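Visitor: what follows is a predicted protein model with its sequence.
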Amino acid sequence: MNDLLQLQDLGRYLDRDLAEPTPALRRQVVSSFGRATQPRTRTRWLREPWRTGGPRRRMAVPAVALATSTAALVAFAALGVLGGVPPADAQAVRILNKAAAAALQRPAPDIRPSDFFFQRELEMAATISMRYHRPPLVSERTVVREEWQSASGARKGLLRERRYSLRLGRPFGPWRSTVFQACVHGKLVPPGNGWHVPGGRNDNSCSPVPAVLLKLPTTEPGMLRYLYSHLAGQNPPDQQAFITAGDLIRDNYILPVSLAAIFRAVAHIPGVTIVHGAVSANGLRGVAVQRIYKGESDQLIFNPKTFTFIGERGIIVGPGTGIKVGTIMDLTTILDMKIVHNVGLTR
Amino acid sequence: MAMPVSEPTDAIASPAAGGDDAAIITESLADPERFAVLYDRYAAQLYRYAGRRLGHADAEDMVAATFLAAFRARGRFDTARLDARPWLFGILTKELAKQHRKERARLRAIARACTDACEAGHAEAVANDVTARAARHQLARALAVLAPPDRSVLLLIAWCDLTYEEVAQALAIPIGTVRSRLNRARRKVREALGGNDPTKEMELP
C-alpha cells in the first residue's frame, strides 16, 4: 500500500463521524440564492459579474410606443392598492415632483451615435457570508467606478474601478479595467463569448444596447405603464416598478423630459414613502423616497436643496433577512455623468 | 496525468441530468435558483472533503461559505470549462486555508487519539488493524506539519480524485507547481512513515 492509498484509508477513517449534509443546510444555502431571485434591482445581479471581475451589464430597454391615458395610470396604481398597500405618501409625492422639476432643468446635449455616456460613481456594497448556526457575516467594499458606454451600443466601451476608502475619502490601489465589446452588424467586436456583454450571446451574436435612451416615454402615464410592463426581476409588480425606475436612472443617459416622467410616475407607485437624512456614499446628506419589501428599504436619494438625483441606498430596516437592522447593503452615489466624444474623456 | 487512485468519489451528475455545469451557471445569471442544481450535484463531495479536513462541526459552515462565494463569483466562471467541480473545490480550499490553525490542531488531535486507541485496542485487535492505525497516526502527524499549500495539493488528489490539471485549475497555479508541491508533500509523508511502507511487512505471506 503506497502513501496515497494510506491517505485514502485515513480519509475513510475520518469519515466515520461524518454524516451527510443536512436538509437544513440545503435550505439555508439555496434560500440565499432565492433571496437573490428577489433582486432589489435587476442590474443588481447583472452587476455581480463586474463586482467579481467581469463587466457589468445594463438592462436592455427596447423602444416601445406606449399609449398614454389616465385610465392606464389609475389601473396600474390600483395594482398595489388592491393588495392593501397604501398609496405613495404626500411628502414623497412632493419630493418626486420637485425632482421632476429639477430634471427638466438639466441641459439636453446634442448626442451623436458615436458618443459615449460617461459616468463616475462611488459604490459601497456589502458582502454577506452565510454561516451555519451563526448570523451572516457582513463585510463592505467600496469602489470608485468610471464607465464609458457607447451611446448607440456599436462602439467598444470601457469600465474601470478602483478601491476607495470611505474613512480617508480617497481611492487606493490599482485600476481594474474591462473593455465592453462592441456590437457591429449583430456580431461582437472583438469576437468572443458574449454572455456577460450587454446584448451579447454565447455564439458571438449580439444586439446593440444603447446607453442613451432616446425613445423612453415622456409622459407620466406612459412612463408608469412602461415601468409596470418591464418587470425584469421576480419581485411583486409595485416593488419591481420602483426598482426598474432606479435601474433606468442609474445605468443610462435619459433625456430630461423622460427623467421627469420617471420621477412623476414613481409618485404613483403604492407604498412609496419619504426618508429624511439618507446619506450618500460620499457623506452627502439627502432626502430620499423609499419602498420597503421583505425588511429591506430601497431608496432613491436626492439633493435636499436642488432635488437632483444623487444616488441609491439599500438598507435593512426590518426582520426577515437574517441580517442586522441598519446594515447598509449597498450605496451608490453618482459623482459625475455627461456625454463625451470618446472613451477616456471626462468632459 | 492523474494519479492512479482507486477511492470511489460521489458520482458526478451527468450533464444530461439538467445540463452541464457551465450551462447551469450561465442560466443562473438570469435565474439564480438554477444554482441549486450545483449544490445538489456537489454539496456532498465538498462536505465530505471539508469534514475530513476540519471535522463535522465546521464542514457545514465551509460548504455554506463555498456555495455563497461561488454564487457571488458565478459571473467570473469560465464557461469554456464544462465541469464546475474543480472551481468549487478551489473555492473550498480558499475557505479552508483561513482555518489552517484549526486544521493543524485537529490533525494533531487525530494523531493523539489514534495513538491512544492503538494502545488501548492492542490486546484485542488483529495485527493488521494495529498497523493501519499506526500508519494513520503517523500520517495525521505528517499532514499537520506540511505547508498548507502542499497539503491542499496532496489532499485534493488523494481525497477528491482531482487530476493534476484540475488541481492546477482549482488553485490557479501552473501544473508544474502542482507536480512540485505534490512531490514535496509525498516525500515528507513517506519520510514520516519511516521512509518505507509500514504495512509492507503485513502484506507478506
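Guide: Here it is on my side, so go on.
Visitor: quick check, the residue in chain B closest to chain A?
Guide: Residue nearest to chain A within chain B: B:Gly75 (2.4 Å; C-beta to the nearest C-beta). The way it works is simple: take the backbone N, C-alpha and C, and place the C-beta from them, glycine included.
Visitor: can you confirm A:Pro174 is in a strand?
Guide: Yes - checked against DSSP: H, G, I helix; E, B strand; the rest coil, A:Pro174 lies within a strand.
Visitor: that older thread, verify the stated contact: the residue of chain B closest to chain A with B:Leu29.
Guide: Yes - counting by C-beta atoms under 8 Å, B:Gly75 touches B:Leu29, with 6.5 Å between them.
Visitor: so for the two, which residue has more residues nearby?
Guide: B:Gly75 (24 against 20; other C-beta atoms under 10 Å in any protein chain shown).
Visitor: pLDDT wise, what is the more buried one at?
Guide: For B:Gly75, the model assigns a pLDDT of 79.
Visitor: try the one 4 residues further on
Guide: pLDDT, the model's per-residue confidence, is 81 for B:Thr79.
Visitor: my guess is it meets B:Asp21, correct?
Guide: No - look at B:Thr79 against B:Asp21 with C-beta under 8 Å: they stay out of range, at 9.1 Å.
Visitor: and the residue of chain B closest to chain A, that's in a helix?
Guide: Yes - judged by three-state DSSP, B:Gly75 forms part of a helix.
Visitor: quick one: it and B:Thr26, what's the gap?
Guide: Using C-beta to C-beta, to the nearest Å, B:Gly75 is found at 10 Å from B:Thr26.
Visitor: would A:Ile95 count as being in a helix?
Guide: Yes - the assignment for A:Ile95 is a helix, going by three-state DSSP.
Visitor: ok, which stretches of the stretch 101-250 of chain A are strands?
Guide: For the stretch 101-250 of chain A, the strands defined by DSSP state E, counting those that start in this stretch occupy A:116-129, A:137-150, A:157-165, A:170-180, A:182-184, A:187-189, A:212-213.
Visitor: output the lowest mean pLDDT helix or strand found in chain A.
Guide: helix A:42-51 (a mean of 31; mean pLDDT, DSSP states H and E).
Visitor: and B:Ile24, what does it touch?
Guide: B:Gly18, B:Arg34, B:Phe35, B:Val37, B:Leu38, B:Ala84 (C-beta atoms under 8 Å, 6 or more residues apart in numbering or on different chains).
Visitor: how about A:Leu224: what's its closest non-neighbour residue?
Guide: A:Ala265 (4.1 Å; C-beta to C-beta, 6 or more residues apart in numbering or on different chains).
Visitor: so what's that neighbour scoring on pLDDT?
Guide: Value for A:Ala265, per-residue pLDDT: 95.
Visitor: now A:Ile111
Guide: A:Ile111 is given a pLDDT of 89.
Visitor: does it touch A:Ala151 like I think?
Guide: Yes - using C-beta under 8 Å, A:Ile111 makes contact with A:Ala151 at a distance of 5.7 Å.
Visitor: neighbour count for these two, which is higher?
Guide: More crowded of A:Ile111 and A:Ala151, by other C-beta under 10 Å: A:Ala151, with 22 against 18.
Visitor: using PDB, write out the CA atom coordinates for the helix or strand that contains B:Ser28.
Guide: Here B:Ser28 sits within helix B:21-30, counting by DSSP states H and E. The C-alpha coordinates for helix B:21-30 follow below in PDB (Å, rounded to 0.1, in the frame of the first residue of the first chain):
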ATOM      1  CA  ASP B  21     -22.200  22.900 -15.100                       C
ATOM      2  CA  ALA B  22     -21.300  25.800 -17.400                       C
ATOM      3  CA  ALA B  23     -24.800  26.000 -18.800                       C
ATOM      4  CA  ILE B  24     -26.300  25.900 -15.300                       C
ATOM      5  CA  ILE B  25     -24.000  28.700 -14.200                       C
ATOM      6  CA  THR B  26     -24.800  30.800 -17.200                       C
ATOM      7  CA  GLU B  27     -28.600  30.200 -16.700                       C
ATOM      8  CA  SER B  28     -28.200  31.100 -13.000                       C
ATOM      9  CA  LEU B  29     -27.300  34.700 -14.000                       C
ATOM     10  CA  ALA B  30     -30.800  35.100 -15.200                       C
END
